[in-house]
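>>> below are the sequence and a predicted model for it; my questions follow.
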Amino acid sequence: MAFPQKEPLRALSEPEKRELQRVVKATSERLDVLRRAKAVLAVAGGQAFTKEAPEAGLKSGDGVGKLVKRFNQHGLAALQVAAGRGRKETYTSAQRVRSMAEVQRAPDRKADQTATWSLKTLERTLRKQGLSKLSASTIREVLHEAGYAFGKTRTWCPTGTAKRKRKAGVVTVQDPRAQEKKD
């Protein structure tokens, strides 16, 4: 025996019906969005939540009920994945900027106990500054996003630049194709 619907589906407007039908027929639409659109259209056609759930690829009538409630509140936006899913960002952009500033600073031999930055020495220094859970892999990710690469000298340097000895002295040379090589 089916439970009574707690919140029935509101009447669909013509543009909503057209959009739901377009989504159901579209071959390039995401599968989860397609399933939700099928469920909403079937419920609008008068089918019960429990009967519609397996036909739309959903696990239970309760899931269809929650979808209908979201659809009543948010309209077509209820078909998309709800916000807040996935892992939250561990470090803010300000903390990432702080770690980039540390990389760009030349290390102090006595305070940092190194002449050049490595991932471990950066990690140690940043942890002393209050980023207690920062790992070397996170630092590597931040550096790669900023365009740095780990060179043969085992130090981090900006990608696409090199220092060359010339008769006039040391010159910094820029590679014009650095961005396309990075991508």
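Yes, it's here.

>>> where along the protein do the strands fall?
Using DSSP state E, the strands of the chain run over residues 148-150, 156-158, 161-166, 169-174.

>>> tell me which of those strands sits most buried.
strand 156-158 (a mean of 19; mean count of other Cβ atoms under 10 Å). No exception for glycine: its C-beta is placed from N, CA and C like everyone else's.

>>> relative to Leu134, which of the strands of the chain is closest?
Taking Cβ to Cβ as the criterion, Leu134 comes closest to strand 156-158 out of these, the separation being 15.3 Å.

>>> mean confidence score for the closest one?
In this model, strand 156-158 has an average pLDDT of 64.

>>> and the strands of the chain, which one averages the lowest pLDDT?
strand 156-158 (a mean of 64).

>>> who wins for proximity to Thr116 among the strands of the chain?
Relative to Thr116, the nearest member of the strands of the chain by Cβ to Cβ is strand 156-158, separated by 8.4 Å.

>>> distance to Gly130 for the strands of the chain - can I get that in TSV?
Formatted as TSV, the entries for the strands of the chain read as follows, by distance: least, Cβ to Cβ, whole Å:
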stretch	distance to Gly130
strand 148-150	22
strand 156-158	21
strand 161-166	31
strand 169-174	33
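
>>> so which of these comes closest to Thr125?
For the strands of the chain, the distance to Thr125 is smallest for strand 156-158, at 13.0 Å, taking Cβ to Cβ.

>>> in this structure, which helix or strand is least confident?
When the helices and strands of the chain are scored by mean pLDDT, DSSP states H and E, strand 156-158 comes last with a mean of 64.

>>> domain-wise, how is the protein divided?
Domain ranges of the chain: 14-79, 93-182, per automatic domain parsing.

>>> can I get those in CSV including distance to Pro8?
Output for the domains of the chain, formatted as CSV (distance: least, Cβ to Cβ, whole Å):
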stretch, distance to Pro8
domain 14-79, 7
domain 93-182, 44
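
>>> quick check: which of those domains is buried the most?
Stretch with highest mean neighbour count among the domains of the chain: domain 14-79 (a mean of 16; mean count of other Cβ under 10 Å).

>>> pLDDT on that one, on average?
Per-region confidence: domain 14-79 scores 85 on mean pLDDT.
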